[in-house]
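Engineer: Sequence plus the predicted model coming up.
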Amino acid sequence: MAYVAGAMVLLGTVMGTGAGLASSKANAQASEQEAQNFEQSAALQERQFRRSAELDAGKGRAIAAASGVRADTGSPLLAELDFAKQAEIEAQNIRRTGMMQAGAKRYEARLLNRSNLFTGISGGMQGGSILSSFFARNQPSTSAYRGYDPVYGR
């Protein structure tokens with residue numbers, strides 16, 4: 001009966017460790033997927049922003065041309081260059097934000113993968129501890145006269 005109880009405790013430890021490993025692995029995969037989603041979202045936002053900026057620049061050129069102002073010299077040209085520079089800075093900021101969010105999620109995934117290693121080691125050590133304590137308590141006697149009391153004969 002003691003052997004069955006020990007085996008059940010050991011089995012529970014193994015199953016608990018396995019469940020912890022599976023859960024941690026799933027969380028790491030979810031974090032990696034979120035990182036990819038951040039990158040894809042940032043790329044889409046960057047493309048949309050660049051398209052919007054090009055449309056706004058074209059609209060500004062059309063207004064300037066319709067008013068008769070020369071857009072290829074002077075302050076209209078400087079304003080257009082400044083707009084293009086600011087638009088590029090904003091587009092790169094969108095990309096950077098997506099990369100930072102993705103990097104944070106990948107870091108989280110790496111931490112979860114490392115916790116898998118420590119969960120496995122911990123589970124193995126706990127299982128070994130259970131086995132050693134079980135066998136230490138249930139060790140068969142090495143002598144047939146173990147516990148014999150010569151006075152009472154038992």
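Structural biologist: That came through, no problem. Residues are numbered from 1 along each chain as shown.
Engineer: quick one: average pLDDT of stretch 41-61?
Structural biologist: Throughout stretch 41-61, pLDDT has a mean value of 93.
Engineer: Quick check: buried residues in that stretch?
Structural biologist: For stretch 41-61, the neighbour count (16 or more other C-beta atoms under 10 Å) marks 42, 46, 49, 53 as buried. The way it works is simple: take the backbone N, C-alpha and C, and place the C-beta from them, glycine included.
Engineer: what residues are up against the last one?
Structural biologist: With contact taken as C-beta atoms under 8 Å, 6 or more residues apart in numbering, residue 53 is in contact with 83, 84, 87, 90, 91.
Engineer: Among the buried residues of stretch 41-61, which ones are in helices?
Structural biologist: Cross-referencing these against helices under DSSP state H gives 42, 46, 49, 53.
Engineer: Could you work out the most separated pair of these?
Structural biologist: Spatially, the most separated pair among those is 42 and 53, at 16.0 Å (C-beta to C-beta).
Engineer: which regions of the protein sit below the pLDDT cut-off?
Structural biologist: Applying pLDDT under 70 to the chain flags the ranges 1-22, 71, 116-154.
Engineer: Would you map the helices across it?
Structural biologist: With helices called from DSSP H, the chain shows them at 2-67, 74-137.
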